[in-house]
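K.L.:
kindly generate the corresponding structure for this input.
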Amino acid sequence: MTDQTPAPYTGPRRILSGIQASGALHLGNYLGALKRFVELQDQGAPVLVFVADMHAITVWQDPDKLAAQTREIAAAYLASGLDPKTATIFPQSAVPAHAELAWIFNCVARLGWLDRMTQFKEKSGKHKERASVGLYTYPVLQAADILLYKATEVPVGEDQKQHLELTRDIAQKFNTDFDAPGFFPLPEPLIQGPATRVMSLRDGAAKMSKSDPSDNSRINLTDDADAIAAKIRKAKTDPEPLPETLDGLADRPEAKNLVAIYAALSGQTREQVIAQFGGQGFGAFKPALADLAVESLAPVTAEMRRLMDDPAEIDRVLKDGAERASAIAEPVVAETKKIVGFWRA
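P.N.:
Okay, the predicted model is just below:
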């Protein structure tokens, strides 16, 4: 990479993120993504959120279920409070420019950069030769997702920071290689809140995941009140009461996770939660957390179910969002092609 200070980007502020259409959403998605999207929208930020169905097929997806999963993610966006008149909500695959820009970026990115991506190593395991090429180049498509809309900020979890750094590298190399200073922005990460990385209810060292074989490891957004309360009641903890200070959670991953969840749902800091419950056992804390989780998620669950019973309403939102997204994306990819030197009639 060049050591020169990149030219500043002077375009408008835009915030973009997406969630894969690869299974049911859970509490981690709600606290780490959906709730934050709504907060940004309510602050007046220009927000684009997409359903990442192209990313989903880097591993096998049942074609008969993929469209339904796309609608479910969109329903979660809407049920969480995103306003389709304010936020642009769309399916990734409905905007062909994502794939067009990804190919150009495949020719800008370097193998060494992708070889350092830890998420590919984790997902491919010991048999990376059997992994799809798409899984390997996933971060390049992710860069295209972001830079296609010249997004200036991206809400990300800690596990996605490396991919955003790659996006910045690709943007800077493109701008330098093609003598287009400031054409693409160098997007900044938005990492905030007390529960940006929600952990499993069965293992405080593992991220809450829809791929975990144990349904008790997560709270699904479609769980009813009884299921939510039961999962929190069964959540793994230790025999000690909650500490009097935040430092006391350092070597207690399960306790730390539950405190962070309570803080995020209640809008408090973890310090405030410890001040309220410090010295109390989980016999007192878990029922309070269960009540709070049910109160917070019940409206989301109810609205999701209503929307899923009316797929035509979801499809209208996605179609309108795709048209609005394309109106931003198509001029960007056209200008990129011009910069690269592609033939134009």
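
K.L.:
any residues touching the helix or strand containing K35, and which ones?
P.N.:
Taking DSSP states H and E as the definition, one finds K35 inside helix 35-42. Helix 35-42 has contacts (Cβ atoms under 8 Å, 6 or more residues apart in numbering) with 15, 17, 47, 49, 77, 80-83, 86-87, 155, 190, 192-193, 264. All C-beta spots, glycine's among them, are computed from the backbone N, C-alpha and C.

K.L.:
so, low pLDDT: which residues of the stretch 51-200 of the chain?
P.N.:
Residue ranges of the stretch 51-200 of the chain with pLDDT under 70: 124, 158-159, 192-196.

K.L.:
mind listing the strands for it?
P.N.:
Assigned by DSSP state E, counting those that start in this stretch, the stretch 51-200 of the chain shows strands spanning 88-91, 153-155, 188-190.

K.L.:
what sits against Y149?
P.N.:
Residues near Y149 by Cβ under 8 Å, 6+ apart: 14, 16, 48, 325, 328-329, 332.

K.L.:
in helices, which of these appear?
P.N.:
Members of these lying in helices (criterion: DSSP state H): 325, 328-329, 332.

K.L.:
farthest-separated two in those?
P.N.:
Maximum pairwise distance in the ones in helices among the contacts of Y149, criterion Cβ to Cβ, is 10.9 Å, between A325 and V332.

K.L.:
ok, these two, which is more surrounded?
P.N.:
More crowded of A325 and V332, by other Cβ atoms under 10 Å: A325, with 25 against 18.

K.L.:
ok, S211 to R218 distance?
P.N.:
Computed as Cβ to Cβ, to the nearest Å, the S211 to R218 distance reads 10 Å.

K.L.:
swap in R71?
P.N.:
Counting by Cβ to Cβ, the gap from R71 to R218 is 21 Å.

K.L.:
and these two? which has more neighbours close in?
P.N.:
R218 (26 against 22).

K.L.:
so what's that one up against?
P.N.:
Per Cβ under 8 Å, 6+ apart, neighbours of R218: 26-28, 200-201, 208-210, 212, 231.

K.L.:
same thing but at 6 Å, please
P.N.:
26, 208 (Cβ atoms under 6 Å, 6 or more residues apart in numbering).

K.L.:
of the strands of the stretch 51-200 of the chain, flag the one that's most buried.
P.N.:
A comparison of the strands of the stretch 51-200 of the chain by mean neighbour count, using mean count of other Cβ atoms under 10 Å, puts strand 88-91 on top with a mean of 25.

K.L.:
mind listing the strands it pairs with, and their directions?
P.N.:
Using DSSP bridges, the strands paired with strand 88-91 are strand 47-52 (parallel).

K.L.:
fine by me, thanks again.
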